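Engineer: Below: sequence and its predicted model.
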Amino acid sequence: MANLTEKSKKSSLNIRQYSMLVALVVIMALFQVLTNGILLKPQNVTNLILQNSYVIVLAVGMLLCIVSSGAIDLSVGSVVAFIGALLGVMIVQHGMNVWLAIVIALLVGALIGVWQGFWIAYVRIPAFIVTLAGMMIFRGLTQYVLQGMTLTPFPKEFLAITSGFLPNIGGGELNLTAFLLGAACIVIYILSEIKKLQSKKKRGFSLPSAGAFWGKIVLVAAAIALFTIWLAFYKGIPILLVILLILVVVYSFYTSKTVPGRHLYAMGGNEKAAVLSGINTKKALFYTFVNMGVLAALGGIVFTSRLQAATPTAGQGFEMDAIAACYIGGASAMGGSGTIVGAVIGALVMGVLNNGLSIMGVGSDITQTIKGLVLLAAVIFDVVSKKKAEQA
């Protein structure tokens with residue numbers, strides 16, 4: 001009976017993830033029509049990646065917080081601004097080496113995570129309170145460091161993080177590098193899916209039909225190929241996209257294939273049972289918020305490079321975008337479920353809504369309203385699907 005319940009929960013989660021992927025495709029198709037083809041122009045597709053990169057970075061860290069304890073980090077937007085301010089002081093004002101400044105920024109992010117993680121994991125102060133305090137503390141420190149000024153310009157090496165592209169090995173109008181990397185991704189994906197199928201077969205798990213298996217592969221491969229073509233017709237592969245792909249692959253592997261990663265899901269599902277199973281939940285929760293601090297710092301680096309300036313108003317509302325991306329992408333508000341890929345899909349849904357409505361000239365008031373309704377619908381879907389899984 002327990003196995004059947006677990007299977008029904010997994011099935012419910014998978015349905016939600018696939019439904020959000022379908023929703024993303026539908027939203028993109030809708031805005032492609034409403035914007036007269038502007039949304040999916042090669043240049044705008046690249047802009048979509050660059051504009052939403054910070055949300056994806058923050059959503060990856062936020063997902064681990066939500067999965068492990070159902071907690072959210074309200075301070076990430078302020079940390080993004082604070083890291084940007086530090087970068088401005090170090091690089092613009094004092095001429096520090098760009099890569100040294102980046103390393104220091106990541107270390108500061110880790111220290112922020114240590115500070116907040118200690119109070120949350122070991123003193124057991126609710127994460128909402130600790131990170132709310134962090135939101136105010138680091139926003140105040142940002143204003144103190146910058147003294148109300150905007151620091152610019154940053155050197156080209158720093159701006160290349162978000163404006164640079166991998167070199168075109170073909171040298172022609174079409175970017176051959178993009179085509180080759182796209183083909184490599186398709187081959188790797190197909191081989192990994194075949195390997196998963198063989199592993200399931202050896203373990204005696206139920207297998208999908210041949211039509212469903214190859215249909216999924218064809219659809220994903222077609223999506224990768226189409227995305228590659230879009231990039232190839234503009235400037236090719238952005239350096240930032242490579243960073244994001246590495247981040248998604250590493251964290252997906254960590255959460256699904258490693259013992260510490262599975263511990264986070266066990267904690268979110270039932271913390272008392274996790275403790276009785278021998279999991280050091282305090283340590284795991286502590287490192288989850290340390291990780292969030294590092295990724296918030298990375299988000300600050302990316303956003304500052306994209307903005308090309310360090311400003312006191314940076315990062316406002318970023319925490320809400322990251323939280324919404326996780327919930328829209330399938331994370332449970334109670335913890336214990338959610339995937340990295342789902343969080344990325346959620347971030348892309350938010351990004352496409354922002355970009356599409358902006359192209360159409362819709363005001364920020366209506367845009368915020370629509371995003372709020374989408375978030376509410378995603379959470380309602382989570383609650384309803386959970387109830388059905390429990391009844392099953």
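Structural biologist: Perfect, I can see it now.
Engineer: Just the pLDDT for Pro167.
Structural biologist: pLDDT recorded at Pro167 is 88.
Engineer: Which residue is the nearest non-sequential neighbour of it?
Structural biologist: Spatial nearest neighbour of Pro167, excluding adjacent residues (CB to CB, 6 or more residues apart in numbering): Thr177 at 6.7 Å. Every residue, glycine included, has its C-beta placed from N, CA and C.
Engineer: Am I right that that neighbour falls within a strand?
Structural biologist: No - counting by DSSP: H, G, I helix; E, B strand; the rest coil, Thr177 falls outside a strand, being helix.
Engineer: and it, what is it in contact with?
Structural biologist: Leu166, Pro167, Asn168, Ile169, Gly170, Gly236, Ile237 (CB atoms under 8 Å, 6 or more residues apart in numbering).
Engineer: Could you tell me the end-to-end distance of stretch 199-218?
Structural biologist: Distance between the two ends of stretch 199-218: 21 Å, counting by CA to CA, to the nearest Å.
Engineer: Just the mean pLDDT for that stretch, thanks.
Structural biologist: If you average the pLDDT over stretch 199-218, you get 82.
Engineer: tell me how far it is from the chain's mean position?
Structural biologist: When distances are taken as CA atoms, centre = their mean, to the nearest Å, stretch 199-218 is centred 28 Å away from the chain's centroid.
Engineer: mind showing which ranges of the chain have poor pLDDT?
Structural biologist: Within the chain, the segments meeting pLDDT under 70 span 1-18, 382, 385-392.
Engineer: Just give me how far the helix or strand harbouring Asp365 sits from the chain centre.
Structural biologist: In the assignment (DSSP states H and E), Asp365 maps to helix 364-391. Computed by CA atoms, centre = their mean, the chain-centroid distance of helix 364-391 equals 18 Å.
Engineer: Show me what it is packed against.
Structural biologist: Applying 3 or more CB pairs under 8 Å, 6 or more residues apart in numbering; DSSP states H and E, one finds that helix 364-391 contacts helix 2-34, helix 318-328, helix 340-359.
Engineer: For Phe381, which of those helices is the nearest?
Structural biologist: helix 2-34 (6.3 Å; CB to CB).
Engineer: Now the element after the closest one, going C-ward?
Structural biologist: helix 42-51.
Engineer: What residues sit buried inside that next one?
Structural biologist: Asn44, Val45, Thr46, Leu48, Ile49, Leu50, Gln51 (16 or more other CB atoms under 10 Å).
Engineer: before we move on, the earlier item: tell me which two in the contacts of Thr177 are the farthest apart.
Structural biologist: Longest span within these, CB to CB: Gly170 and Ile237, 12.7 Å.
Engineer: neighbour-wise, which of these two wins?
Structural biologist: A count of neighbours by other CB atoms under 10 Å puts Ile237 above the other of Gly170 and Ile237, at 24 against 15.
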